[in-house]
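Colleague: Any chance you can model this:
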Amino acid sequence: MKYEILSFSPNDEMEWEYFVTNHKKATIFHTIKWKNVMEKTFKYKSEYLMVKNAEGRIIGISPAFSVKKLFGNAIISQPFFEYGGLVIENGFEDILNDIIKFYVKKVFFKCFVSDHHL
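Modeller: Here you go, the predicted model:
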């Protein structure tokens, strides 16, 4: 099945919230309101991803934040909490590996670029 991994944008909020509201494994930690709380309270940069099928419908979401650590940045699903992470529709479990690759590229690229500009 063909799908595309995309970064969340404010234009996607209604569709994101619809997915969260209707998926039995989604929690408050998957909502955009929670994203806003984490950004405002802790100044974390959100790295929210959505997975859309060929018809353009969300079939998975991955809420995460870029968090500064002692030796660089890390992407963490839900800092301080255990109830976050990827939520996908049944039958799309292979998406997890592609999302991890997406995040690894993003973190590696940021580290590489920032080290080169010192």
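
Colleague: residues near Ile100, how many?
Modeller: Neighbour count for Ile100, taken as other Cβ atoms under 10 Å: 13. No exception for glycine: its C-beta is placed from N, CA and C like everyone else's.

Colleague: I meant Met38, not that one.
Modeller: So Met38, with other Cβ under 10 Å, has 20 neighbours.

Colleague: mean confidence score for the strand or helix carrying it?
Modeller: Per DSSP states H and E: Met38 is located in helix 32-42. For helix 32-42, the mean pLDDT works out to 94.

Colleague: One more: stretch 84-93?
Modeller: Averaged over stretch 84-93, pLDDT sits at 84.

Colleague: Pull up the distance across stretch 24-36, start to finish.
Modeller: End-to-end distance for stretch 24-36, by Cα to Cα, to the nearest Å: 22 Å.

Colleague: Enumerate every residue touching the residue nearest to Phe8 when sequence neighbours are not counted.
Modeller: Take Phe8 and drop its neighbours on the chain: the residue closest to it by Cβ to Cβ, 6 or more residues apart in numbering is Tyr48, 3.7 Å away. By Cβ atoms under 8 Å, 6 or more residues apart in numbering, the contact set of Tyr48 is Ser7, Phe8, Trp16, Lys35, Ile61, Ser62, Pro63, Ala64.

Colleague: now, among those residues, which is nearest to Phe29?
Modeller: Of all these, Pro63 has the smallest distance to Phe29: 7.0 Å, by Cβ to Cβ.

Colleague: Okay, and which of the contacts of Tyr48 map to strands?
Modeller: Applying DSSP state E to the contacts of Tyr48, the entries found in strands are Ser7, Ile61, Ser62.

Colleague: Pick out whichever of the residues you listed sits closest to Lys25.
Modeller: Set against Lys25, the nearest of those by Cβ to Cβ is Ile61 (10.5 Å).
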